[in-house]
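Engineer: Sequence and computational prediction follow.
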Amino acid sequence: MVLAKKYVVVTPFVGEPKKSDFDIVQEHLPALKDGEFLAEAAYLSVDPYQRMKIGNAFPCDMIGGQVARITESKNKDYPAGSWIMGHLGWRTHTIVNPEEDAKRCAQKPFLYRLPDFGDLPVSLGLGVCGRVGNSAYFGFTQICQPKPGETVVVSGAAGAVGSHVGQIAKILGCKVIGFAGTDDKCEWLVKELGFNYAGNYKTVDIAQFLKESAPEGVDCYFDNVGGELSSVVISQMNQYGRIAVCGAISSYNETIAEKRRATMLQPFIVGKQLKIEGFQVNRFAERTQEGVIQNLQWVKEGKLKYKEHIFDGFESAADAFIGLFRGVNTGKTLVKVN
Ligand SMILES: NC(=O)c1ccc[n+]([C@@H]2O[C@H](COP(=O)([O-])OP(=O)(O)OC[C@H]3O[C@@H](n4cnc5c(N)ncnc54)[C@H](OP(=O)(O)O)[C@@H]3O)[C@@H](O)[C@H]2O)c1
């Protein structure tokens, strides 16, 4: 009989998530039935959306994606030995019934077998060649619709999605300006990833930085953080600029009552005839493999670099999660289960 460990959220998150919001619970898994398989987690995904989508009834199982190996199977489409990406939650072992479990999961696609990554690590299935990569690929290309020579600004630029978006923009022939929370991150963006400029939003004057780095104005803005930083960027957009709103992490730990005010944007939206569109990567679920294969190809060609911030051991997941809101990570945050 397999003994599984799982994370349970015992109390709603108030402000920044705390270790005491979580408990680790053990449970024995029953024998497999027809149509099921047993998945053993190798990496857990740690993502900002988990702060927002945890649900209303507590205690509840922690949601989240994982890359796992199938160790036993009674499902011919998912044979033992194969690797999967699945939204199975933060747990070490899971019995999966693909059709039944998919109905309960809000994240789409719920489950798929990983393509062959060759010599590359399977953890990429949660990052650059997974949901994060597809958020960057589809969110940027479909919503911003960038053209060669245009100027693109990315916030949260040294994170998983942001670092990826900036590199796609370079691949497509755009000029790219990123904002991130430390000088080291900014140096990485420019020296390693080829961003044209990167500014530390905690220390620079955003408006002045943009005036100097993009005197021609901004055509596309990929927004991961929201708040006043975004208001300043939006105020410097060009006519018919496009804004993809991917996330608003600067607000995730605030209650409705605490939400900060940002500059009035309507005059800029009207005056510059801007198009602002939010998206959720689920929208592109039917095209998942297209995005994964494109990103994998760019990685193999050396056009797309990635960084993984890997926390070691199942027990480190809460720390990894808290770290997202403190800017601990550069690139994709993962937990190696061991
Ligand atoms: N729409 C979708 O389908 C979709 C899919 C994936 C992700 N997202 C969103 O995309 C954004 C990035 O996600 P990710 O997975 O790539 O995470 P990430 O950027 O790798 O990690 C979060 C980063 O956010 C920054 N941050 C934290 N608090 C901040 C604040 N108050 N102001 C500005 N920046 C702050 C930190 O970097 P600094 O050091 O730079 O502050 C931190 O490293 C999030 O908003 C997430 O919810 C949306």
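Structural biologist: Arrived safely, thanks for sending.
Engineer: Which positions in the protein make contact with the ligand?
Structural biologist: With CB under 6 Å from any ligand atom as the criterion, the chain comes near the ligand at residues 47-49, 132, 135, 156, 158-162, 180-182, 185, 224-225, 246-250, 279-281, 324-325, 327, 329, 333. (Each C-beta comes from the backbone N, C-alpha and C, glycine too.)
Engineer: in this structure, which residue is closest to the centre?
Structural biologist: Geometric centre of the chain, nearest residue: residue 132, 4.2 Å, by CA atoms, centre = their mean.
Engineer: pretty sure that residue is touching residue 160, no?
Structural biologist: Yes: the pair residue 132 / residue 160 is scored as a contact, 4.5 Å apart, by CB atoms under 8 Å.
Engineer: Name the residues contacting each of the two.
Structural biologist: By CB atoms under 8 Å, 6 or more residues apart in numbering, residue 132 and residue 160 have these common neighbours: residue 332.
Engineer: dump the residue contacts of the closest residue to residue 317 other than its chain neighbours.
Structural biologist: Excluding its sequence neighbours, the residue lying closest to residue 317 (CB to CB, 6 or more residues apart in numbering) is residue 335, at 4.7 Å. Contacts for residue 335 (CB under 8 Å, 6+ apart) come out as 43, 44, 46, 90, 310, 311, 312, 313, 314, 316, 317, 320.
Engineer: Work out for me the element the nearest residue to residue 145 once chain neighbours are set aside sits within.
Structural biologist: The spatially closest residue to residue 145, leaving aside those adjacent along the chain, is residue 242, at 6.1 Å (CB to CB, 6+ apart). According to DSSP states H and E, residue 242 maps onto strand 237-245.
Engineer: Could you tell me which strands that strand is paired with, and in which direction each runs?
Structural biologist: Strand 237-245 has the following sheet partners, assigned by DSSP bridges: strand 218-223 (parallel), strand 275-278 (parallel).
Engineer: Let me have the ones you listed in TSV, extended by mean neighbour count and mean pLDDT.
Structural biologist: Listed next are the strands paired with strand 237-245 as TSV, based on neighbours: other CB atoms under 10 Å; pLDDT from 0 to 100:
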stretch	mean neighbour count	mean pLDDT
strand 218-223	25	99
strand 275-278	14	98
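Engineer: Format those strands as a markdown table; extra columns: distance to residue 267.
Structural biologist: Below are these laid out as a markdown table (distance: least, CB to CB, whole Å):
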| stretch | distance to residue 267 |
| --- | --- |
| strand 218-223 | 16 |
| strand 275-278 | 14 |
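Engineer: so which of the ones you listed comes closest to residue 64?
Structural biologist: strand 275-278 (21.9 Å; CB to CB).
Engineer: For the stretch 151-300 of the chain, which segments are assigned as strands?
Structural biologist: Counting by DSSP state E, counting those that start in this stretch, one finds strands in the stretch 151-300 of the chain at the ranges 151-155, 175-180, 197-200, 218-223, 237-245, 275-278.
Engineer: now the longest one: mean pLDDT?
Structural biologist: The average of the pLDDT scores along strand 237-245 is 98.
Engineer: Going by neighbour count, which residues in it are buried?
Structural biologist: Neighbour-count burial for strand 237-245, with 16 or more other CB atoms under 10 Å as criterion, is recorded at 237, 238, 241, 242, 243, 244, 245.
Engineer: of all those residues, which comes closest to the ligand?
Structural biologist: The ligand has its nearest neighbour among the buried residues of strand 237-245 in residue 245, at 7.8 Å by CB to the nearest ligand atom.
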